[in-house]
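Asks: Kindly return the folded structure for what I paste below:
(one chain, ligands or ions: 1)
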Amino acid sequence: KRQDGSASAAPAGGTEYLVSTSVGGESLNLDFDTGSADLWVFSSSLSSASKKGHDIYTASKSPTYQALSGYTWSITYADGSGASGKVGTDTVTIGGTSVTGQAVELATKVSSTFVSDAADGLVGLAFSSINTVQPVQQQTFFDNAQPSLNSPLFAAYLPYNADGAYDFGFIDSSKYSGSINYATVNSGNGFWEFASNSYQVGGSTFSQSGNTGIADTGTTLVLMIDDAVSNYYASVSGASNSATYGGYIFPCSTSLPSLSVDIGGNYATIPGSLLNFQSIDGTNCFGGLQSVGGGTQNIYGDVFFNAYYGIFDASVPQFGFAAL
Ligand SMILES: CC1CCN(C(=N)N)CC1
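Replies: Numbering: from 1, shown residues only. Sure thing, here's the model as predicted:
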């Protein structure tokens, strides 16, 4: 169909990727998040302190904006950050894909982490069942776009320290090598969630039977259960779990083992080189694998996507992955 297209995703510090998005003709740099389902933007209703350093959406300047009177939204993310505000609809265009009447959530409050972050808002690409708008839950950009796409899917291409892309409606065979493996998705929790029953550290295999994973472009790192994290760093000489830095650190000179994670019955292997997230002080480095903090749901974030092209296919639903 007509509306397939690709949107460039620019790396903004570490491994956050921002996509230039048109909302009512106004251009904003938004963070695409397959772990949430709200499309929200920094709005003119914010305090001037909160607006500092951001592109702002001004509803009154958009000829196609329609207020949804009395509608509200409020979201808190896993890291404690959050935002809230009011709701309207407008035309949203991402790459070559345009949706009219898209619910646009205007932030009237944002937490401090968002003020200092580069993103001017988020595009939620999880399942619409976890959208926070009240009194009537709203659909994601992807759900609204599906009827106009060749295939009801989008793909995330997020290479390390390089421009990435989000492809809507098609799989770009130039963005990956080898074959695509698919995992059946259970959307019961609103995420692109699949079985993840084991993992490998270097050549050793460990079971995490009954656990799951979610494909989450909105989380920077790979976050796994405590056993997996301790098993991984047990093979990293000089590694320690630092209270100061809130996670595992190790001497930057250490060579890291690869980490393979089961995704619906097939392993995805992240090379050790991608698991050194960033230097702390030139001597010690902070790991790209950290603890998810509890539960049995692992979160495969941008560090995973630095090694794999991810395909979010609503037709089953299923999650596909292929090596970059
Ligand atoms: C399960 C959690 C993963 C991180 N989140 C997110 N990307 N918005 C929140 C949900």
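Asks: Can you tell me which residues in the stretch 101-250 of the chain are near the ligand?
Replies: By CB under 6 Å from any ligand atom, the residues of the stretch 101-250 of the chain that approach the ligand are 216, 218-219. For glycine as for every other residue, the C-beta is placed from the backbone atoms N, C-alpha and C.
Asks: Report the buried members of these.
Replies: Listed as buried from those are 216, 218-219; burial here means 16 or more other CB atoms under 10 Å.
Asks: Including pLDDT, could these go into a markdown table?
Replies: Converted to a markdown table, these look like this (pLDDT from 0 to 100):
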| residue | pLDDT |
| --- | --- |
| 216 | 98 |
| 218 | 95 |
| 219 | 95 |
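Asks: and which of those residues is nearest residue 58?
Replies: For these, the closest approach to residue 58 (CB to CB) belongs to residue 218, at 25.4 Å.
Asks: The protein: helices as residue ranges?
Replies: For the chain, helices defined by DSSP state H occupy the ranges 48-51, 112-116, 141-145, 226-233, 302-305.
Asks: returning to what we had before: quick one: the residues of the stretch 101-250 of the chain next to the ligand as TSV, columns for distance to residue 143 too.
Replies: Converted to TSV, these look like this (distance: CB to CB, whole Å):
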residue	distance to residue 143
216	18
218	17
219	21
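Asks: gap between the closest residue to residue 24 other than its chain neighbours and residue 148?
Replies: With sequence-adjacent residues excluded and distances taken as CB to CB, 6 or more residues apart in numbering, residue 24 is closest to residue 62, at 2.7 Å. Going from residue 62 to residue 148 by CB to CB, to the nearest Å gives 21 Å.
Asks: Please identify the residue of the stretch 1-150 of the chain positioned nearest to the ligand.
Replies: residue 35 (2.5 Å; CB to the nearest ligand atom).
Asks: if we can go back for a sec, name the nearest of the residues of the stretch 101-250 of the chain next to the ligand relative to the ligand.
Replies: Of all these, the ligand sits closest to residue 218, with 3.1 Å by CB to the nearest ligand atom.
Asks: Report the separation between the two terminal residues of stretch 204-224.
Replies: One end of stretch 204-224 sits 16 Å from the other (CA to CA, to the nearest Å).
Asks: For the remainder of this discussion, apply numbering that starts at 59.
Replies: Shifting the count to begin at 59 puts that one at stretch 262-282.
Asks: Any buried residues in that stretch, and which?
Replies: By 16+ other CB under 10 Å, the buried positions in stretch 262-282 come out as 266, 269-282.
Asks: nearest to the ligand, of those residues?
Replies: When those are compared for distance to the ligand (CB to the nearest ligand atom), residue 276 wins out at 3.1 Å.
Asks: The closest one contacts residue 89, correct?
Replies: Yes. Assessed by CB atoms under 8 Å, residue 276 is found in contact with residue 89 at 6.6 Å.
Asks: who touches both of the two?
Replies: In terms of CB atoms under 8 Å, 6 or more residues apart in numbering, residue 276 and residue 89 are both contacted by the residues residue 180.
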